[in-house]
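A.B. asks: any chance you could fold what I've pasted below:
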Amino acid sequence: MSVTLGSASLASRLEGHRVGLVANPASVDRDFRHVTDLVASLSGVTLAALFGPQHGFRSDLQDNMVETDHARHPRIGVPIYSLYGETRQPDGTMLAELDLLVIDLQDVGTRVYTYIHTMTNCLRACARHGVPVLVCDRPNPVGGLTVEGPMLAPGFESFVGLFPIPLRHGLTIGEMARLCNERFGLGASLEVLPLHGWHRPMYHDDTGLPWVMPSPNLPTIDSTIVYPGQVLVEGTNLSEGRGTTRPFELVGAPWLDAHEVARAMNDHQLPGVHFRPAEFQPTFQKHAGEPCGGCQLHVTDRTTFQPVVTTVALLQTCRRLAPDRFAWRQPPYEYETVRPPIDILSGSDQLRRQLDDDVPFAAIAQSWEADLEAFRSHRERYLLY
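C.D. replies: Predicted coordinates:
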């Protein structure tokens, strides 16, 4: 099926405007044309500034908390402002010459993916400085039906979670903009350019659109499907496969036995996934240069696969297999210097405490249900599809 992106409607909305553009390498159309080139080519439109999220406008920086400096576009000659550096939202100077801010970013359907927080920071800043915002909608690559995982609790806000939404939220970035702008009082003058032809059951490879990795460690749709759960591994001393060719699909540590991990996980008979024993050696980040034992997640049925429940079961299993070696990662992490990373990733200290108390993973998942049901009800009015 062919899906038309929101950016396809841009040309008719920009004439006579000085435009700022929030984008990165994944901001392409179905013909691989980058939105920067589209806007720069329009008659009567001035492309005045570019803005880059985490990993940079060029998405050339690998890891978390690796900041990007401001720069200048070598061909177009306009400033590129970093929104993941000395500031994480545009200031008055950056917005002063703009009539309109356009946001065209590929989200991946997970609360902790920072692009949605870059977007909401832009909405807040643009409301303050009187700059209207156009969000070019893009598909949620893991579909728009399933909502899963713990909710962000008050007091645990960070750059991997600014608002009370669940870990897997089931919204497009345009729907997320609508929800946050209205429900959480951001107050921007907002318009979302909608998708055409996208339906909520569709994953990215159902759309006919090209997959350009939105960040360096989500190279494929396979890594993106497991990411809503596997991102929690970042809050532990286990490797989440960064520094391999299969980030987030691989998980392990030097003290784990691959066959033990895979056998224990397959014994759980979790839906839609098989765990293959895997040994790997990361080239950077956790356990760089060390042989790790663990497993690779092979999703066999994405419609029944539950990424968050699966990862909670995996953390519990790895902890039980090596209780003296498993540990929670310590801060700093994503600009948080006090709270444990697992707390800001999961959205509260509840998951950490449940796993510390060895609460069965099925009971942990059941504890999310009341919040998820409330969120499903709240999000209805903001759905576009």
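
A.B. asks: what about the stretch 51-200 of the chain, any weak spots by pLDDT?
C.D. replies: Scanning the stretch 51-200 of the chain for pLDDT under 70 picks out 62-66.

A.B. asks: the strands in it, which residues?
C.D. replies: Here the stretch 51-200 of the chain has its strands, by DSSP state E, counting those that start in this stretch, at 71-72, 79-82, 100-103, 133-136, 148-151, 166-168, 190-193.

A.B. asks: out of those, which is closest to L47?
C.D. replies: Nearest of these to L47, taken as Cβ to Cβ: strand 100-103 at 9.5 Å. Placement of C-beta: from N, CA and C, glycine included.

A.B. asks: I'd like the strands of the stretch 51-200 of the chain as TSV, with distance to R178 and mean neighbour count appended.
C.D. replies: Output for those, formatted as TSV (distance: least, Cβ to Cβ, whole Å; neighbours: other Cβ atoms under 10 Å):
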stretch	distance to R178	mean neighbour count
strand 71-72	31	12
strand 79-82	25	20
strand 100-103	13	26
strand 133-136	9	26
strand 148-151	19	24
strand 166-168	17	25
strand 190-193	6	19
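
A.B. asks: to Q281, which of those lies closest?
C.D. replies: Checking the strands of the stretch 51-200 of the chain against Q281 by Cβ to Cβ gives strand 166-168 as the closest, at 29.2 Å.

A.B. asks: OK, contacts around the residue nearest the centre of the chain?
C.D. replies: Central residue of the chain (Cα atoms, centre = their mean): Y113, 2.4 Å from the mean position. Y113 makes contact with D107, S215, Y227, V231, according to Cβ atoms under 8 Å, 6 or more residues apart in numbering.

A.B. asks: out of the residues you listed, who's nearest G161?
C.D. replies: Closest to G161, out of all of the contacts of Y113 and judged by Cβ to Cβ, is V231, at 11.2 Å.

A.B. asks: next up, the contacts around the closest residue in space to the closest one that isn't next to it in sequence.
C.D. replies: In this structure, V231 finds its nearest non-sequential neighbour in V112, 5.5 Å apart by Cβ to Cβ, 6 or more residues apart in numbering. Residues in contact with V112 (Cβ under 8 Å, 6+ apart) are V160, G161, L167, V231, L345.

A.B. asks: on that earlier part again, quick one, which of the strands of the stretch 51-200 of the chain is nearest to L351?
C.D. replies: strand 148-151 (5.8 Å).

A.B. asks: and the buried ones among the contacts of V112, selectable in ChimeraX?
C.D. replies: To isolate the buried ones among those in ChimeraX, judged by 16 or more other Cβ atoms under 10 Å, type:
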select :160,161,167,231,345
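
A.B. asks: will you turn the contacts of V112 into a markdown table that also has distance to E279?
C.D. replies: Converted to a markdown table, the contacts of V112 look like this (distance: Cβ to Cβ, whole Å):
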| residue | distance to E279 |
| --- | --- |
| V160 | 30 |
| G161 | 33 |
| L167 | 29 |
| V231 | 22 |
| L345 | 26 |
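
A.B. asks: looking at the contacts of V112, point me to the pair that's furthest apart.
C.D. replies: Pairwise over those, using Cβ to Cβ, the maximum falls at G161 and V231, 11.2 Å.

A.B. asks: what sits in contact with each of the two?
C.D. replies: By Cβ under 8 Å, 6+ apart, the residues touching both G161 and V231 are V112, L345.

A.B. asks: okay, now Q366: neighbour count?
C.D. replies: By the criterion of other Cβ atoms under 10 Å, Q366 has 11 neighbours.

A.B. asks: likewise for G143?
C.D. replies: Neighbour tally, G143, other Cβ under 10 Å: 20.

A.B. asks: thought H199 was touching it, still the case?
C.D. replies: No: at 9.3 Å, G143 does not count as touching H199 under the criterion of Cβ atoms under 8 Å.

A.B. asks: quick one: residues contacting P214.
C.D. replies: By Cβ under 8 Å, 6+ apart, the neighbours of P214 are N24, A26, S59, L105, Q106, D107, V108, Y115.

A.B. asks: separation between it and I221?
C.D. replies: Using Cβ to Cβ, to the nearest Å, P214 is found at 11 Å from I221.

A.B. asks: redo the strands of the stretch 51-200 of the chain as CSV? Include distance to H274.
C.D. replies: Listed next are the strands of the stretch 51-200 of the chain as CSV, based on distance: least, Cβ to Cβ, whole Å:
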stretch, distance to H274
strand 71-72, 44
strand 79-82, 41
strand 100-103, 38
strand 133-136, 37
strand 148-151, 20
strand 166-168, 21
strand 190-193, 38
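
A.B. asks: which one of those strands lies closest to F326?
C.D. replies: Closest approach to F326 among the strands of the stretch 51-200 of the chain (Cβ to Cβ): strand 148-151, 19.8 Å.

A.B. asks: secondary structure class for V39?
C.D. replies: helix (DSSP: H, G, I helix; E, B strand; the rest coil).
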